[in-house]
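> sharing a model prediction with you, sequence too.
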Amino acid sequence: MKKHHITLTVNGDDYDALVEPQQSLLDVLRDTLMLTGTKEGCATGDCGACSVTVDGVLQCACLMLGVEANGVLVETIEGMAKGADLHPLQKAFLVHNGLQCGICTPGVLVAAKALLERNPDPTEIEVRYWLAGNLCRCTGYDKLIQSVLVAAKEMRGA
Amino acid sequence: MAHDILENSGFAADRKLNIVGTNPIKHDGWDKVTGAAKFSSDVILPGMLVGKILRSPHAHAVIKSIDTSAAEKLAGVKAVVTGADFPRIKEGTPYGDMTRMVMAQEKVYHEGHPVAAVAATSESIAKKALKLIKVEYDVLPHVIDPVAAMQPDAPILHSYMRTKGAKPGDPKVSADRPSNVVERYELGVGDVEAGFAEADVIIERTFDTKPMHQGYIEPQSCIASCSEEGEIELWCCTQAPFVYRDRLSEILKVDGSKIKVQQSELGGGFGGKTAFYAEPVAIQLARKTRRPVKITFTRSEVFRGTGPVSGTQSRIKIGCKKDGTITAADAELIFQTGPYSGSAFTNAPQAMFTRYDLKNVRTVSYEVVSNRPKVASFRAPCVPQVVFGVEGIISELANKIGMDQIDFRMKNAMANGARTIYAETFGKIGFIETLEAAKACAHYRSPVPKGQGRGISTGFWFNRGGETSSTLNVAPDGSVTITIGTADVAGSRISISMMVAEELGIPVDKVRAVLADTHQLGFNRVTAGSRTTFSQGVVLVDCARKVIKEMAERAARIWKVPEEGVEFANGEFRPAGANVGEFKPLTIADIAKQTTSTEGAIAARSDMNVTGAGPGFGCHIVDVAVDEETGAVEIKRYTVVEDAGKAIHPLQVEGQFQGGAVQGIGWALNEEYIFGEDGKMQNPGFLDYRMPVASDVPNIDTIIVEVPNPRHPFGLRGVGEVPVVPTMAAIANAIGDCIGLRPQSLPMSPPRMLQWIKERDAARG
Amino acid sequence: MTDLRYEAPESLSAAVSLLAGASGLSRVLAGGTDVIVQMEMDLIEPELIVDIKKIPEVRGIFAENGGFRIGAATTGMQICDHKAFAAAWPGVIEGVKLIGSVQVKGRASMGGNLCNASPGADSVPPMITAGAIARVIGPNGVREVPVEQIPTGPGKTSLGKGEFIASFFFPARPKGSGDAYQRFTPRTEMDIAVTGVAVNLTLDAKGLCTGARVAIGAVAPTALLVQPAADALIGTSVDEAAIEKMVAATRAACRPIDDKRGTKAFRTEVTGVLAKRVVAAALERARANG
């Protein structure tokens, strides 16, 4: 199978990769670049566990082919903290128990960050609808949503 | 082991607690919010191959032949396995069944049943190879619905199957002809006929529920490797590493000591990861290829190839007096289990009424095989489905005699020392306190908003103890490592670390938990039954006390005083009295630093079959609105009241309550397996298997009741399973209150709701 | 089994050549939220994927002749975020918003939603009622096609070999116009529509309906323009009687199936319920724009 050579920037680092045409960006991140923070829950865009941003746009990494990612800027969960400094969202999730098993957490954090960059003061309903694409089975969403609202407040005030 | 519970639990209601009851950040939290946590599919080993499984397209068929030659020749394919690559174990035995569920041998029993597997150098080559495997099937008639499977003309799955516990005169079962009924189980007390004769009101209803899935977001994944010496290493997401090891040993005929199962971080289990699927296959491929083999399920494989939850049929009858006393209860229950037994269905008759002190109960339960994937546990296996019916009748009886919903339940509530119908006598329990808290809470006291309806339901779960083995090591700097063998599914390790830190009087940050592999500890039972925090707490407090004793002895030696001259308090060893002498107190770190090199490591282990778990009770209050033009149900307000005994980490406990409630909302309103006429699952994905999303549910209010279990050092009761038990009944009762129609079938999805609403309107005339 | 070939042409004609010359199964790739999913589920095994996103004509939203031209591969989020378009066509936005999650909308396109030809595609009924015109590019040149003529059955379109949609034209809005779209799903989000209704109305200065279009989705092999439902409104003041007739006509046009998402009876019943709600929403918007 003919592979395509792509170059892409992930969390500020440049990468080269050889990808098969049917491989998704998710496959490339996890299997080729070994950045396993982005998770696969369904590979069909129904669960949001693979949420990343590509050129600033929130999307499911499973809904993009690796070959399409030539020349793009990808941000994943691994780029959210700045060294040892956690992003306020990450801190809020820890303090307010916004996670249990943690498998949906990377996708939720990336999606929540994208929301707050677009709308720093969302209502709870807005947060719930924005995160409707991120399935969580453990928390029942309550503390997950509250963590986002706490982080939003901190980011507005700080 | 001489003991199964701490002789002196050390529980004291007035014990001053510094750590237990607070909410420190989970130690596994940092890795989980940064993406660094290693789940099974994140594990990468050098030289690893991709494994893929070929699955039966038929619900029921004989396998006539499998030709793997073309697949084996494909470049990049390193090995192919079929049922023939597994040791032959007699059909109809537990391990014989288990082997056949992993990979079919004589027959396939459900759509998705594995028939072969390949290991290749890439996923695309593995997928191509599967297409080259030729399987010849003799398709047989199939049956999915358990009631249909019980009919005399139903296709029989196993010609050897005869009903265990078959009763002469019960036409549903057969002790001497092939049957699809695995077992008939009777449980009861007293005299129901006499009880019903005493009743002023009797209500009898039938209920049914569909199979549903635990819905964990992480698909199963495992990676197996095999050394030249034949030692197997397995990374997998499992709730039961030791159980897996022992079962692998049995079905692969390899010594348990040559199998190392390492639990990785678990992306949700809820009972669904207590049985293996791809693990033995990955191991056989690894042994054949001499390279690590990783198998990760697609979401479709998770639905079609792993264990969903039992669908049920129940007929329940309850009678009560005008004053609210329940005089008799009778139930006939049918559970599906997939092709082989394993539904844990006896939980249902044991738990369904347990919280009410009933003198006359009769239950008959059936476990039935059929051509759908083998069930696995969910929270409180088989109980929520049946409580859906029980609590509906309870609410109806209360309404009928004009009694408050909670008062009616209170009237019949079990108290301390109550005896259950399965012959256990409870110690201290908190059902009454839970009801009182529910009655007093803001939600219950608030008027039902106009246009909405309110429902109440209660539930019980046994909570379990079980085989638990752990070690505790004190490093020379005084920091502590605890090794946990009972899998952590939701973050229990922080609560366990907190209990150890409390016992040792050190900051919780000084305690780190390690998830052990099976080489490192004795046998640990599966993480199930809400046993983890309870059992691991008991065992590790035992370890903590052992090291305290050891360190006290060392302090005595340092001070050259008798052992009785040393006491331990607030994390320090000090002279037990002025007469012992004047010595500066020694911390754990002091003793560890001073004595490790001379006297050796400070460590302890504890291996127990823990008993003394305290039962849990919950009460749910829910308000709903119903759009009668479309059948859509909206959850407007939800409160979970549950007895946790003692909330070690309250935010974690609340999280369990909330998570269980929302799983129940999904189960109640939308989740179901939809099978076609061809026996294939039509909705094996998150698009059409409809779990709640964030915008579907409101905040879930929680009230933690604390009626301590005195047999645990901190009074803890398991909380993982009770939160799901009352949910569907509470929602259905709320719907009944809202629109005068209380559904008897799950899910209460809009098309069905609208149909029932039309029938209600037609009946009203 | 032939291996998959991926091409990303940079001009319309290059894309047409690739698609026209393909020997096996080919697919146009815009957002991929259907194509990639279908490949993952082994429902399709294309030999050729033609990624059109590098072609300038298929991206962007531009004012044109009083209306708007939207590139067929423009993403849902871009459409939702375009203030002027959203103000003119709130019903279309309602449809686009419901295509999927924020993540899906970050990729999904009108072109893909239409050409995937799922009977329940959410942007399609309001595009039909808007009178949107698809600009089809192919080996025989360009043709302008009303969008309701594109889907011909589940998964099937009227596009010929080598043809694809480059953009959509939304006509200018007369004063007093308003549109709306609602669908029914069991959950609040993330579901495929069980039924969907779109209404676009224009009222004159006296409040009389001078133009109307009604479309239904998920209740027939394709989304349908329901002329009798529109006729029930045109010339009326959209009073209760007119609405009742419109609802009946909408229900009568349903040709649904029983499947895992709904029954025939349910779909037909709820289509009527939605029709009533949607016409009320469109009416309110039309009156506000008078």
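Everything's here; your move. Numbering: from 1, shown residues only, chains lettered A, B, ... in the order given.

> so for residue B:169, what's the pLDDT?
Looking at residue B:169, its pLDDT is 87.

> for the stretch 351-500 of chain B, just list every one of the strands.
Assigned by DSSP state E, counting those that start in this stretch, the stretch 351-500 of chain B shows strands spanning B:361-368, B:452-461, B:466-474, B:480-484.

> oh, I was asking about chain C
C:5-7, C:26-29, C:48-51, C:61-64, C:67-71, C:133-138, C:141-146, C:151-153, C:156-157, C:164-170, C:177-184, C:195-203, C:209-217, C:224-225 (DSSP state E).

> can you list contacts of the first one?
Contacts of strand C:5-7 from elsewhere in the structure, counted by C-beta atoms under 8 Å, 6 or more residues apart in numbering or on different chains, are A:2, A:4, A:21, A:65, A:67, C:18, C:47-51. For the C-beta atoms, the positions are set from N, CA and C on the backbone; glycine is no exception.

> on that earlier part again, the strands of the stretch 351-500 of chain B: which one's closest to residue B:37?
strand B:480-484 (15.8 Å; C-beta to C-beta).

> that closest one - contacts with which helices or strands?
In terms of contacts (3 or more C-beta pairs under 8 Å, 6 or more residues apart in numbering or on different chains; DSSP states H and E), strand B:480-484 is packed against strand B:466-474, helix B:492-504, strand B:511-515, helix B:532-559.

> residues in contact with the residue of chain A found nearest chain B?
Minimum separation of chain A from chain B (C-beta to the nearest C-beta) falls at residue A:37, amounting to 2.2 Å. Residues near residue A:37 by C-beta under 8 Å, 6+ apart: A:76-78, A:106, B:34-36.

> Serialize those residues to JSON lines and add fields for neighbour count and secondary structure.
As requested, those are exported to JSON lines (neighbours: other C-beta atoms under 10 Å in any protein chain shown; DSSP: H, G, I helix; E, B strand; the rest coil):
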{"residue": "A:76", "neighbour count": "24", "secondary structure": "coil"}
{"residue": "A:77", "neighbour count": "28", "secondary structure": "helix"}
{"residue": "A:78", "neighbour count": "18", "secondary structure": "helix"}
{"residue": "A:106", "neighbour count": "30", "secondary structure": "helix"}
{"residue": "B:34", "neighbour count": "20", "secondary structure": "helix"}
{"residue": "B:35", "neighbour count": "24", "secondary structure": "coil"}
{"residue": "B:36", "neighbour count": "15", "secondary structure": "coil"}
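
> could I get the CA-only coordinates of stretch B:643-660 as PDB?
The C-alpha trace of stretch B:643-660 is given here as PDB (Å, rounded to 0.1, in the frame of the first residue of the first chain):
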ATOM      1  CA  ASP B 643     -26.000   5.400  53.200                       C
ATOM      2  CA  ALA B 644     -22.200   5.200  52.700                       C
ATOM      3  CA  GLY B 645     -21.400   4.200  56.300                       C
ATOM      4  CA  LYS B 646     -18.600   6.600  56.200                       C
ATOM      5  CA  ALA B 647     -17.600   8.600  53.200                       C
ATOM      6  CA  ILE B 648     -13.800   8.300  53.100                       C
ATOM      7  CA  HIS B 649     -13.600  10.800  50.200                       C
ATOM      8  CA  PRO B 650     -16.900  12.500  49.900                       C
ATOM      9  CA  LEU B 651     -16.500  13.800  46.400                       C
ATOM     10  CA  GLN B 652     -15.700  10.300  45.200                       C
ATOM     11  CA  VAL B 653     -18.800   9.000  47.000                       C
ATOM     12  CA  GLU B 654     -20.900  11.700  45.400                       C
ATOM     13  CA  GLY B 655     -19.400  10.800  42.000                       C
ATOM     14  CA  GLN B 656     -20.500   7.200  42.500                       C
ATOM     15  CA  PHE B 657     -24.000   8.300  43.300                       C
ATOM     16  CA  GLN B 658     -24.200  10.600  40.300                       C
ATOM     17  CA  GLY B 659     -22.700   8.200  37.900                       C
ATOM     18  CA  GLY B 660     -25.000   5.400  38.900                       C
END
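
> how about the residues of chain C by chain A?
C:3-6, C:8, C:29, C:31-33, C:36-37, C:39-41, C:49, C:51, C:53, C:75, C:77, C:100-104, C:106-107, C:188-190 (C-beta under 8 Å from any C-beta of the partner chain).

> hmm, residue B:627 is touching residue B:735, no?
No - checked against C-beta atoms under 8 Å, the pair residue B:627 and residue B:735 is beyond contact range at 11.6 Å.

> got the domain boundaries for chain A?
A:4-79, A:88-156 (automatic domain parsing).

> of the ones you listed, which is nearest residue C:141?
domain A:4-79 (28.6 Å).

> quick one: end-to-end length of the closest one, please.
Chord length of domain A:4-79, first to last residue, is 25 Å (C-alpha to C-alpha, to the nearest Å).

> so which strand or helix has the closest residue to residue B:160 other than its chain neighbours?
Distances taken as C-beta to C-beta, 6 or more residues apart in numbering or on different chains place residue B:92 nearest to residue B:160, at 4.6 Å, with adjacent residues excluded. Under DSSP states H and E, no helix or strand contains residue B:92.

> re earlier: I'd like the domains of chain A laid out as a markdown table, including mean pLDDT.
Formatted as a markdown table, those follow (pLDDT from 0 to 100):
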| stretch | mean pLDDT |
| --- | --- |
| domain A:4-79 | 98 |
| domain A:88-156 | 98 |
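
> so for residue B:693, which of the ones you listed sits nearest?
Across the domains of chain A, closest to residue B:693 is domain A:88-156 (C-beta to C-beta), at 4.5 Å.

> outside of the helix ranked longest in chain A, which residues touch it?
For chain A, the helix that runs over the most residues, judged by DSSP state H, is helix A:142-157. Helix A:142-157 has contacts (C-beta under 8 Å, 6+ apart) with A:87-89, A:91-93, A:95-99, A:108, A:112, A:115-116, A:120-122, A:124, A:127-128, A:131, A:136, B:651, B:654-655, B:658, B:694, B:699-700.

> and what of stretch B:497-509?
Contacts for stretch B:497-509 (C-beta under 8 Å, 6+ apart): B:17-20, B:22, B:24, B:27, B:472, B:478, B:480, B:482, B:494, B:510-513, B:537, B:540-541, B:543-545, B:547-548, B:568-572, B:588, B:648-649, B:713-714.
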